[in-house]
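In: Here is my input; please provide its structure:
(2 chains)
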Amino acid sequence: MKEQVIFELGSVYREPMQVKGFSFGEGEKSMCIVGATRGNEVQQVYLCSQLIRIFTRLEEQGKLCPGKSILVIPTVNSHSMNIGKRFWPADNTDINRMFPGYNLGETTQRIAAGVFEHINDYRFGIHFTSYYMQGCFAPHVRMMKTGFEDVEKAKDFGLPYVYRRDARPYDTTTLNYNWQIWDTKAFSLYTDATDRIEPTSALVVIEAVLRFLGKNGILNYTCHGGYMSQMIEGSDLVNVKTNAAGFFLRKTEVNARVKQGELLAQIMDPYLGTVIEDVVSPVDGIVFFHASQPIIYSHTSLFRIIPT
Amino acid sequence: MIETVVSVGYPVDETLHIKKNRLIPEKGLSGGEKRISIVTGTHGDELEGQYVCYELQRRIREKPECLTGIVDVYPALNPLGIDSITRGIPAFDLDMNRIFPGAENGSMPEYIAARIVDDLQGSDMVIDIHASNIFLKEIPQVRINTLSRDVLVPYAKKLNVDFIWVHAAATVLESTLAYSLNSIGTPTLVVEMGVGMRITRDYGNQLVDGIFALMKDMGIWTGDAITPKEPIVSEDGEVSFINAGSSGVFVPAVEHWKDVKKGEHIGDILNPLTGEAAERILSPADGIVFTLREYPIVSEGSLIARILA
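Out: Take a look at the predicted model:
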């Protein structure tokens, strides 16, 4: 394992922020894994730390395939993580809306550019990312329609779902999108945690990454084949919203099979303790996402259901 | 008449209302009136438009008989942002000007965005007033996507601003309110002026003068209006950017909206701990400083100034 500083940014009163990469093996740039681009993506850094520990051991055991290399960047934004902010400390910009970056531009454009120029020529790229709303997803590989996405390759992770959706204008500045434009086969992996460590769900994702590397001749790693991934298009999902606001009392979990009309949650008046809305499933299906905040606004998306 | 554009329930004993005030001619509406919409407050830390909304209505009320069209005033598209001194939408940490045109069936912010677009659609002109951010001070200017140049520049010239910046199209900007409205045929001008968290009364009055000139041109106002100043119209290639090469404390050596020569001293980035200047910043071109750093603390890359050649 080699540790290197990929990018460094000075600060007047803090130590310089160093974006560090941990590399394994020599030769083809086979796989780059990026963890947190935001300061609250703790689970994403945890995932990288566990992979670095495992890769170190596997490299010592000679299980990295000859002529292949792996780079892991646990975070590109340690300055935000250290002060408990999601976005950049000074101007609240989102580094994952700055790719491919601009090395003469604003601070977060420079960070994105400094990182991207090191990682834009890998064969595969994985970004552990998070959703802007509090909530849990069934572990899945997420892809945007760019014309370059490789759905069949995404199934090599063996996660239950491969989710593909249309790219929106603001997606064009994400790491994943730009990797694809630069000819890297890029995948975003979602787990059910962001600002807390969930070792159990982390294991599912770690195993998926190892499985992918094994199937693609980068690691000599044997494990069970995982799931036969189901492909989901964004338009397939049924969005379940609430009309009322109040306490959100959830009655179901991710991956649960639900029937049409089944109670998914109740919205409670926060003063009177009475139920003001029963949120029911409009279809038979499987819970793909649920919100997790204790209080919710009206018109909030609470669940996304895969119809069955 | 104050109307509610969209309402959203909040968890504890509160409903969010986004409101507008509609001003109509004294004699009522006949059906053929033109409509101008003034929107601001998308970013909760941009307040220059607040004064414009007030002053515009104050002047109309002084001479209500001169109003011959509809004026819709939307002072706060992001009321909770303004209330909490938050640029984005509180609780979501989302830039509201990156979620348009929204979606009726989307999440709460997207739902709000969709209802706002629905309400503004059909205006004969929308003026979307921004105030830079807390970091940069801007002279009154209109920014126009090059895709809308032919339609919008003639309107922008009526607004009494100093500068019209026709900038390149960027895919990410397709999520803005202005792009969304322009793309559905509702002409929308984006005004940038002043600085975040402040109100510059002179700039506000300058723009209000321009709005009346535009309203008169559109047949919405029959009262007095100024002859708008002739703005500089410029493309991207004529704008030079100066970004900080060091972290520290920026102290300007030039005034905003003043001419500078190539090599002229723009300012210094200081290190108060060592007592040394980390960087002496010089102008890369002859021109005029139309953007100048207002907030002193800078990091590598922070925008210091823009110079119009």
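In: By mean pLDDT, point me to the weakest helix or strand of chain A.
Out: strand A:135-137 (a mean of 88; mean pLDDT, DSSP states H and E).
In: what's next to that strand, contact-wise?
Out: A:131, A:190-193, A:254, A:288-293 (C-beta atoms under 8 Å, 6 or more residues apart in numbering or on different chains). To be clear about C-beta, it is placed using only N, CA and C from the backbone, and glycine gets the same treatment.
In: Just among those, which is most surrounded?
Out: Counting neighbours by other C-beta atoms under 10 Å in any protein chain shown, the top entry in those is residue A:191, with 27 neighbours.
In: Quick check on it: phi, psi?
Out: Main-chain dihedrals, residue A:191, degrees, to the nearest 10: phi -120, psi -180.
In: Go ahead and confirm it touches residue A:203.
Out: No: checked against C-beta atoms under 8 Å, the pair residue A:191 and residue A:203 is beyond contact range at 9.9 Å.
In: returning to that earlier point: okay, now the sheet partners of the least confident helix or strand of chain A, with direction.
Out: According to DSSP bridges, strand A:135-137 forms sheet pairs with strand A:285-291 (antiparallel).
In: And for the residue of the stretch 151-300 of chain B found nearest chain A, the neighbour number?
Out: The nearest approach of the stretch 151-300 of chain B to chain A comes at residue B:174, 3.6 Å away (C-beta to the nearest C-beta). For residue B:174, the neighbour count with other C-beta under 10 Å is 19.
In: my read is it is in a helix, agree?
Out: Yes: Residue B:174: assigned to a helix according to DSSP: H, G, I helix; E, B strand; the rest coil.
In: How many residues are close by the residue lying closest to it once chain neighbours are set aside?
Out: In this structure, residue B:174 finds its nearest non-sequential neighbour in residue A:169, 3.6 Å apart by C-beta to C-beta, 6 or more residues apart in numbering or on different chains. For residue A:169, the neighbour count with other C-beta under 10 Å is 17.
In: Centroid-nearest residue for chain B?
Out: residue B:130 (2.1 Å; C-alpha atoms, centre = their mean).
In: How much space separates that residue from residue B:50?
Out: 12 Å (C-beta to C-beta, to the nearest Å).
In: now residue A:138
Out: For residue A:138, the distance to residue B:50 - C-beta to C-beta - is 45 Å.
In: where does residue B:50 fall, helix, sheet strand or coil?
Out: Per three-state DSSP, the local secondary structure of residue B:50 is helix.
In: Give the full set of residues in contact with it.
Out: Contacts of residue B:50 by C-beta under 8 Å, 6+ apart are B:40-41, B:75, B:199.
In: okay, now the domains of the chain?
Out: In the absence of a named chain, chain A is used. A:2-232, A:237-307 (automatic domain parsing).
In: could you do chain B instead?
Out: B:2-230, B:237-308.
In: any chance of these in a markdown table, plus distance to residue A:266 and mean pLDDT?
Out: Compiled in a markdown table, the domains of chain B are given as follows (distance: least, C-beta to C-beta, whole Å; pLDDT from 0 to 100):
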| stretch | distance to residue A:266 | mean pLDDT |
| --- | --- | --- |
| domain B:2-230 | 14 | 96 |
| domain B:237-308 | 46 | 96 |
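In: if we can go back for a sec, closest to chain B among the contacts of strand A:135-137?
Out: Looking across those and measuring by C-beta to the nearest C-beta, the closest to chain B is residue A:293, at 8.6 Å.
In: hang on, isn't that closest one packed against residue A:247?
Out: No: Residue A:293 lies out of contact with residue A:247 (C-beta under 8 Å); the separation is 10.1 Å.
In: Stretch A:278-287 spans what distance, first to last residue?
Out: This stretch, stretch A:278-287, spans 17 Å end to end (C-alpha to C-alpha, to the nearest Å).
In: ok, and what's touching it?
Out: A:138, A:238, A:240, A:242, A:252-267, A:302-308.
In: ditto for stretch A:249-266
Out: So stretch A:249-266 is in contact with A:136-138, A:160, A:192, A:240, A:242, A:248, A:267-268, A:275, A:277-292, A:302-303, A:305, A:308, going by C-beta under 8 Å, 6+ apart.
In: element containing residue A:201, please.
Out: Residue A:201 belongs to helix A:199-215 when assigned by DSSP states H and E.
In: so for that helix, what's the average pLDDT?
Out: Across helix A:199-215, the average pLDDT comes to 95.
In: Check which helices and strands the helix or strand that it is followed by is in contact with.
Out: Helices and strands here follow DSSP H and E; after helix A:199-215, the next one along the chain is strand A:230-233. Here strand A:230-233 touches strand A:161-166, going by 3 or more C-beta pairs under 8 Å, 6 or more residues apart in numbering or on different chains; DSSP states H and E.
In: what about the strand it packs on, distance to the chain center?
Out: 13 Å (C-alpha atoms, centre = their mean, to the nearest Å).
In: going on from it, what's the next piece of helix or strand?
Out: Criterion used, DSSP H and E; the element after strand A:161-166 is helix A:175-181.
In: Show me what the mean pLDDT comes to for that next one.
Out: The average pLDDT within helix A:175-181 is 95.
In: Name the residues that touch the next helix or strand after it?
Out: As assigned by DSSP H and E, the chain's next helix or strand after helix A:175-181 is strand A:185-190. Strand A:185-190 is contacted from outside by A:123-131, A:137, A:139-143, A:150, A:153-154, A:157, A:159, A:175-177, A:179-180, A:205, A:208-209, using C-beta under 8 Å, 6+ apart.
In: could you redo the last one with a cut-off of 6 Å?
Out: A:124-129, A:137, A:140-142, A:150, A:153-154, A:176, A:179-180, A:205 (C-beta atoms under 6 Å, 6 or more residues apart in numbering or on different chains).
In: what's the answer for stretch B:13-26, then?
Out: B:1-10, B:60, B:64-65, B:67-68, B:70-74.
In: Using neighbour counts, pick out the buried residues of stretch B:103-122.
Out: B:106-117, B:119-120 (16 or more other C-beta atoms under 10 Å in any protein chain shown).
In: Present the residues you listed as TSV; the columns should include distance to residue B:17 and secondary structure.
Out: Output for those, formatted as TSV (distance: C-beta to C-beta, whole Å; DSSP: H, G, I helix; E, B strand; the rest coil):
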residue	distance to residue B:17	secondary structure
B:106	19	coil
B:107	19	coil
B:108	14	helix
B:109	15	helix
B:110	18	helix
B:111	14	helix
B:112	11	helix
B:113	15	helix
B:114	16	helix
B:115	11	helix
B:116	12	helix
B:117	17	helix
B:119	13	helix
B:120	17	helix
